[in-house]
Every structure is written in C-alpha cells, then in structure tokens.
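Novice: the amino acid sequence is not available; the structure is as follows:
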C-alpha cells in the first residue's frame with residue numbers, strides 16, 4: 001500500500017500544473033455561470049421566460065439539458081451542468097491515459113516495473129489520483145456556487161454530480177487503456193466515449209416530454225444510457241436524488257475493478273487489442289512530408305469523421321421526430337408558431353443548425369489534434385531524425401497544416417452529408433436537403449483559425465502547445481456559447497471565431513466573415529512558419 005501511495009504522490013507531482021488548471025478552470029466556469037444567472041435571471045418571471053423558451057427549442061435542450069422549474073439554482077444547473085460534466089470527463093480520461101497507456105508506450109512503466117511493486121500498483125495510484133482530482137473538483141465547484149449565492153445543499157449536490165460523472169470516466173478510461181495499444185488510440189476512444197455520453201444525453205433531452213407549464217421537461221430513455229444523463233437526474237436544487245450518484249459510483253467501481261484485473265494478467269506494453277505491425281517499406285506516399293503526415297493522422301481523422309457522421313445522422317434523422325414530439329404538446333405548439341418562423345419546418349432547421357455547429361467544433365478539434373501531433377513527434381525524437389534530411393521546417397509545418405485543414409474539411413463535410421441524407425429520407429425539410437452540406441462547411445473558416453493558432457503556439461511556446469492549443473478551443477467555445485449569458489462585452493465575445501460562423505440554413509452565408517477568418521488563419525500560419533524557423537527542437 002505504501003508503494004501505491006508513493007506512486008500516487010509521484011503522479012500528483014507530475015500533474016501539479018495540469019490538474020489545477022483543469023479544476024480551477026471548470027470551477028471558474030461554474031462560478032461565472034451562477035453569477036450570470038443571478039444577474040440576468042434573478043427574478044421568477046425572467047427564469048420562467050428562459051425555461052419556456054428552452055422547452056420550445058429542442059436544440060436548446062440538446063445543447064444545455066433539462067429545465068427543472070424556476071429558482072436560480074435550478075436555472076444554473078440547467079444552463080451549465082452538461083458542459084461542466086463533459087469537461088470533468090475529459091479531464092479524467094486524459095489523466096488516466098497519460099499515467100497508464102502513454103507511460104507504457106514511452107517506457108516509463110517498464111522502469112517502474114523493475115522495482116518490487118505489484119503489477120497493478122501504478123494503475124491503482126492513477127485511479128486514486130483520478131478520484132481525488134474529481135473530489136477536489138466537486139468541492140471547488142460547490143464553493144463557487146455558494147460564493148455566487150446559491151444554497152449550500154444544492155451547491156454541494158451539483159458539485160457532487162459533476163464529480164461523480166468524472167469518477168465514472170476515470171474507471172472507463174482505465175478500462176479503455178487496457179484494451180487499446182497506444183496512448184493516442186486510448187485518448188481518442190475515451191474522449192469519443194465522453195462525446196457519445198453527451199450525445200446520448202442530448203438525444204434523450206431533445207426527445208423529452210415538456211410539462212404543461214413548460215417549466216419542466218422529462219428526459220426520454222436514451223438519457224439513461226449516458227452517465228451525464230444520470231448526473232443530471234440528481235436535480236440538486238429541486239428534488240435531490242442521490243441514488244443517481246450511487247449508480248455512477250457503482251459503475252465506476254466495476255470498471256476500475258475490471259481494469260485492475262486485466263492489468264494484473266497482462267504484460268507491460270501488451271493490450272487486449274494488439275497493435276498491427278506495419279509494412280517493412282513505406283509506399284509512395286511515405287516518401288513525402290504530406291504522405292507521412294497523412295499516414296500518421298488517417299486513423300485519428302477516421303475517428304473524428306465517424307463521430308461527425310453520427311452527429312450528422314442524428315441531426316438529419318432526429319430533427320423531424322423531435323419536432324413532432326414537441327408539437328404534440330398543445331401549449332408548446334402554439335408558442336412555437338409564434339416564436340419560430342416556418343412552424344415545424346423552421347423548428348427542424350433550428351435543431352439541425354445547432355448540431356451542425358457542434359460538428360464545427362469537432363472540425364476545429366480534429367485540426368488542432370493534427371497540428372499537436374507535431375509536438376509528439378518532436379518530444380519523442382522522431383522530428384529530429386526527420387529534419388536531418390535536406391528539408392526545411394517550413395515544409396514539415398506546411399504538410400501538417402495541410403492535413404489538419406483537410407481534417408477540418410473532412411469532418412465538416414461528413415457531418416453535412418449525413419445530415420442531408422437523414423433529412424432527405426424524412427422528406428420534412430423546408431428546402432433542399434443537400435443545402436446542409438454547405439451549411440456544415442460554413443464552419444470551416446473558424447476551424448482553420450483554431451488550427452493555425454495552435455501552430456503558432458507550437459512554434460513559439462512548444463512546451464505549452466498542448467495546454468494552450470486545447471485551451472484556446474475551450475475559451476472560444478465558452479465565449480461563443482456562454483458569452484451572452486455572462487454579459488461579456490460584444491467585442492470580447494467576437495474574439496471567438498465561432499461567433500463569425502453563419503448559422504446556416506437559419507442565417508444566410510456571410511462571405512465577408514468567411515474571407516476574414518481565412519485571412520486570419522493564413523496570417524497565423526505564416527507567423528507559425530517564421531517562429532518555427534527561429535527556435536531549436538526541444539524535448
């Protein structure tokens with residue numbers, strides 16, 4: 001046991017910067033959401049207005065969650081829980097994979113295995129660290145809610161709900177790390193499962209049945225398949241239900257126990273799904289920077305495209321069903337006819353537009369991940385051998401930026417095509433179904449800005465590139481999604497590239513905005529190439 005505790009302290013020391021950034025960032029978001037709701041929706045008529053609007057908009061339910069009556073705490077939980085739960089899940093999965101599968105891949109676990117410790121000691125320490133990190137997150141979130149003026153019991157319950165979701169993903173990521181052979185594949189699969197949990201919760205909420213007062217919405221059965229959906233069922237500020245927390249913690253224990261059992265029975269570096277051996281010689285594409293970048297990124301891109309295809313299919317196929325479900329409630333149908341131009345068809349367009357916006361975030365994330373792959377190549381020594389050939393760093397960067405841009409285009413296009421197919425088969429679109437393809441592609445310029453900015457960070461501050469690259473995406477998403485709720489100045493909200501992506505087909509395409517974003521991306525790419533030429537490779 002003492003060995004596990006020493007490993008726990010060692011891993012905590014390695015994460016002494018990363019974990020506080022995650023925990024304090026999520027807690028700050030919770031505090032900001034609470035303060036904004038108190039400021040903007042402090043009286044009951046304002047709360048009822050926002051909840052009624054949400055109940056009439058399935059896209060709002062998909063993105064945010066379920067209205068659960070008036071009260072500042074209930075509105076805060078509705079506005080912010082799903083997003084903070086996703087962040088807790090990502091924090092947990094990255095933490096676990098970093099200390100398990102990635103350490104094995106880089107040889108650190110083999111060094112630890114040379115000392116007299118149980119085979120699963122490092123994994124047990126990681127599980128303890130993940131649980132402790134989520135306990136701290138729950139405490140800081142609760143403290144932020146209380147500081148914003150929310151009641152203490154509800155604040156504690158809301159923090160515990162987010163922490164319990166995070167603990168579930170600690171166990172899930174530990175199991176995934178035993179199955180997949182590399183840190184990249186394990187990270188991708190675990191993050192994909194976080195996204196799937198958000199998607200299932202969103203589908204269940206969008207299909208939920210609004211109450212007659214339009215202040216409450218009950219979730220449909222898909223929400224029960226999601227740990228985020230279970231966390232949402234805690235309802236800390238209205239009718240607390242701690243049994244949902246027990247379900248999450250029990251599932252986390254089962255997953256963690258399974259991971260420990262597998263780890264005890266397998267060798268270091270082995271996995272349930274073995275890694276395939278590559279060919280002895282590279283093909284024609286492997287002789288160029290572009291071909292190499294494509295070979296390194298193609299499996300990751302395929303994963304992002306699968307996620308985008310699922311999201312697009314949900315947008316196209318579920319839109320009509322959501323519209324019919326909402327329109328079956330008489331008071332809500334009357335409200336929709338007043339608020340949404342075009343009636344049912346207009347409601348479908350709003351729902352599809354919201355999900356294509358999420359696909360735009362996927363496109364930006366795929367591009368950022370492709371750019372940050374260069375940092376892994378640098379730290380693991382392969383970039384030094386690659387650049388020993390008569391080739392410039394600008395060519396290396398340009399090839400990776402080209403693949404990153406292609407990744408953003410591929411993800412957006414996949415979402416648009418699958419949404420068009422789904423909506424075309426339903427026959428309920430207010431216009432040509434294939435118009436959803438350019439609607440999805442309209443988010444590409446914003447994605448290009450993010451990946452070019454990540455390239456600048458990689459070139460100028462390589463040791464901070466991963467933290468800042470993903471941090472910029474999170475900041476842009478928060479400014480675009482919550483900026484108005486937080487009452488931020490318009491100029492600050494406009495810093496987010498997502499704010500300048502047209503919400504097609506609800507809004508017309510803005511060529512000026514797209515050209516401006518593309519010009520910014522090109523300028524950032526040039527700056528990245530210049531900065532990379534002026535620095536040495538780093539470990």
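Specialist: Cool, got the structure. Since we're looking at a predicted model, the values are computed, not measured.
Novice: isn't residue 140 right up against residue 22?
Specialist: No. Using C-beta atoms under 8 Å, residue 140 makes no contact with residue 22, being 10.5 Å away. Using the backbone N, CA and C atoms, a C-beta is placed for each residue, glycine as well.
Novice: ok, the two, which is more surrounded?
Specialist: residue 22 (23 against 20; other C-beta atoms under 10 Å).
Novice: list the contacts for the closest residue to that one other than its chain neighbours?
Specialist: Nearest non-adjacent residue to residue 22, counting by C-beta to C-beta, 6 or more residues apart in numbering: residue 91, 4.3 Å away. Each residue near residue 91 by C-beta atoms under 8 Å, 6 or more residues apart in numbering is listed here: 19, 22-23, 26, 133, 137, 166.
Novice: out of these, which is most surrounded?
Specialist: Neighbour max across these (other C-beta under 10 Å) = residue 166, 32 neighbours.
Novice: name the element the closest residue to residue 19 other than its chain neighbours belongs to?
Specialist: Using C-beta to C-beta, 6+ apart and skipping residues adjacent in sequence, the residue nearest residue 19 is residue 133, 5.5 Å away. In this assignment (DSSP states H and E), residue 133 forms part of helix 121-147.
Novice: next secondary structure after that helix?
Specialist: helix 152-179.
Novice: which residues does residue 95 contact?
Specialist: So residue 95 contacts 15, 18-19, 126, 129-130, 133, 170, 173 (C-beta under 8 Å, 6+ apart).
Novice: how about a cut-off of 7 Å?
Specialist: 15, 129-130, 133 (C-beta atoms under 7 Å, 6 or more residues apart in numbering).
Novice: residue 293 now?
Specialist: Listed by C-beta under 7 Å, 6+ apart, the contact set of residue 293 reads 399-400, 403.
Novice: against residue 372, how distant is residue 394?
Specialist: Distance of residue 394 to residue 372, computed by C-beta to C-beta, to the nearest Å: 18 Å.
Novice: which of these two has more residues huddled nearby?
Specialist: residue 372 (21 against 14).
Novice: which residue, other than its chain neighbours, is closest to that one?
Specialist: That would be residue 469: by C-beta to C-beta, 6+ apart, it lies 5.3 Å from residue 372.
Novice: the one you found against residue 454, yeah?
Specialist: Yes. Residue 469 lies in contact with residue 454 (C-beta atoms under 7 Å); the separation is 3.9 Å.
Novice: what do these two both touch?
Specialist: 368, 371-372.
Novice: got these as a markdown table, with pLDDT and secondary structure columns?
Specialist: Formatted as a markdown table, the shared contacts of residue 469 and residue 454 follow (pLDDT from 0 to 100; DSSP: H, G, I helix; E, B strand; the rest coil):
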| residue | pLDDT | secondary structure |
| --- | --- | --- |
| 368 | 93 | helix |
| 371 | 92 | helix |
| 372 | 90 | helix |
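Novice: so which of those residues is the closest to residue 461?
Specialist: residue 372 (12.6 Å; C-beta to C-beta).
Novice: state the distance from that closest one to residue 317.
Specialist: Distance from residue 372 to residue 317, by C-beta to C-beta: 33 Å.
Novice: same deal with residue 78?
Specialist: 26 Å.
Novice: of the two, who's got more company?
Specialist: Taking neighbours as other C-beta under 10 Å, residue 78 and residue 317 compare with residue 78 leading, 25 against 16.
Novice: now do the contacts for the more buried one.
Specialist: 64-68.
Novice: switch to 10 Å and redo it
Specialist: Taking C-beta atoms under 10 Å, 6 or more residues apart in numbering, we find residue 78 in contact with 37, 47, 50-51, 54, 60-61, 64-69, 217, 232, 237.
Novice: and residue 145, by the same measure?
Specialist: 27, 30-31, 33-35, 73, 76-77, 80, 151-152, 154-159, 236-237.
Novice: mark which of these are buried, thanks.
Specialist: Taking 16 or more other C-beta atoms under 10 Å as the criterion, what is buried in the contacts of residue 145 is 27, 30-31, 33-35, 73, 76-77, 80, 154-159, 236-237.
Novice: out of residue 469 and residue 454, name the residue with the larger neighbour count.
Specialist: Taking other C-beta under 10 Å, residue 469 and residue 454 do not tie; residue 454 has more neighbours (30 against 23).
Novice: am I right that the more buried one sits in a helix?
Specialist: Yes. Assessed by DSSP: H, G, I helix; E, B strand; the rest coil, residue 454 belongs to a helix.
Novice: ok, residue 463 to residue 378 distance?
Specialist: 10 Å.
Novice: all good on my end, thank you.
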